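>>> Sequence first, predicted coordinates after that:
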Amino acid sequence: MVKPIALALTLLASSVALAEAPEAPAAQQAGAQASTAAAPSEASKPVEWEKWRAHNSVSDPASLQRGARNFMNYCIGCHSIKYMRYQRMAVDLKIPTAVLEANLLLPGANSLDYITSPMPAAEAQAWFGKVPPDLSLLARSKGVDHIYRLFKTYYQDSSRPTGTDNLEYPQLAMPDVLSDLHGVQVAKYREEKGADGKISKIFDHFEIVSPGNLTPEEYDAFVRDTVNFLDYVGEPAQVERRSMGVWVVLFLLALSAFAYLLKTEYWKDVH
């Protein structure tokens, strides 16, 4: 397991008055409960983990602040976000300069630098078999739901070099760096007979064998905040773009109406 960077866990708590995670709406809470590792009853269907959704919101600054904290504590040791500058992140997420310099800047970096991992590429290749990818555009290329499911579907597998495997991304080279938070779980399968008479193994549910430091609900919120931050990193201006897009569409509708009235005025005498 890659040891997380030793940063202060009180990131953004003082001068920015970091809010506690808001309670999820009833529908979202139901989805979170459905995605926990608890075993279903014998009569229930297998857990449909492929339908798990992140339901994140890049317009939630408190969530983005917590996501930035999570990334800098657990991800920056291996992964870069090379298209994002520290200063841009601080401005967008309303992080005071003092907090940025005290808790977010890596040794030797300044606020104008891009956020890159301190791990040497040669060592990463030797440890993991490949250099950990840059995550700047991961949310745009793979989707936020993919990232969410990836961090929720690690399970113990002694046959793998890392000791774990992943349902969302089988044979993933990255170890389960968040196992101390969500605990260790094993994948349980059931046998089902197909129409052709062949018996196949179908994933049924996860079973916790060693609990982590967070409850399933707390870990779910942790992952959502981290996914939310990566979504923001992929397109920092997306909230502004969407807001502006509404006005652009309204302008085009009004312009179309005036163009139609002008057309009817020009052609009213043509029979």
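Alright, I've got the coordinates.

>>> Could you pull out the buried residues of the biggest helix by length in the chain?
Here the longest helix in the chain is taken by residue count, with DSSP state H as the criterion, and it is helix 238-267. In terms of neighbour count (16 or more other CB atoms under 10 Å), helix 238-267 has no buried residues at all. The C-beta positions use only the backbone N, C-alpha and C, and glycine is treated the same way.

>>> How far away from the center of its chain is it?
35 Å (CA atoms, centre = their mean, to the nearest Å).

>>> need the next SSE after the helix or strand in which Asn70 is found, C-terminal direction.
Using DSSP states H and E, the secondary-structure element containing Asn70 is helix 61-74. Once the chain leaves helix 61-74, the next helix or strand it forms, by DSSP H and E, is strand 81-85.

>>> what comes up buried for the helix or strand following that next one?
Counting by DSSP H and E, the element after strand 81-85 in chain order, helix or strand, is helix 86-92. Applying a neighbour-count criterion of 16+ other CB under 10 Å, one finds Tyr86, Arg88, Met89, Ala90, Asp92 buried in helix 86-92.

>>> confidence score at the first one?
What the model reports as pLDDT for Tyr86 is 96.

>>> do the third one as well
Predicted confidence (pLDDT) for Met89: 96.

>>> Roughly how far does it sit from Tyr219?
When distances are taken as CB to CB, to the nearest Å, Met89 and Tyr219 turn out to be 24 Å apart.

>>> Please apply the same query to the fourth one.
When distances are taken as CB to CB, Ala90 and Tyr219 turn out to be 27 Å apart.

>>> Looking at the buried residues of helix 86-92, spot the one nearest Glu191.
Met89 (48.9 Å; CB to CB).
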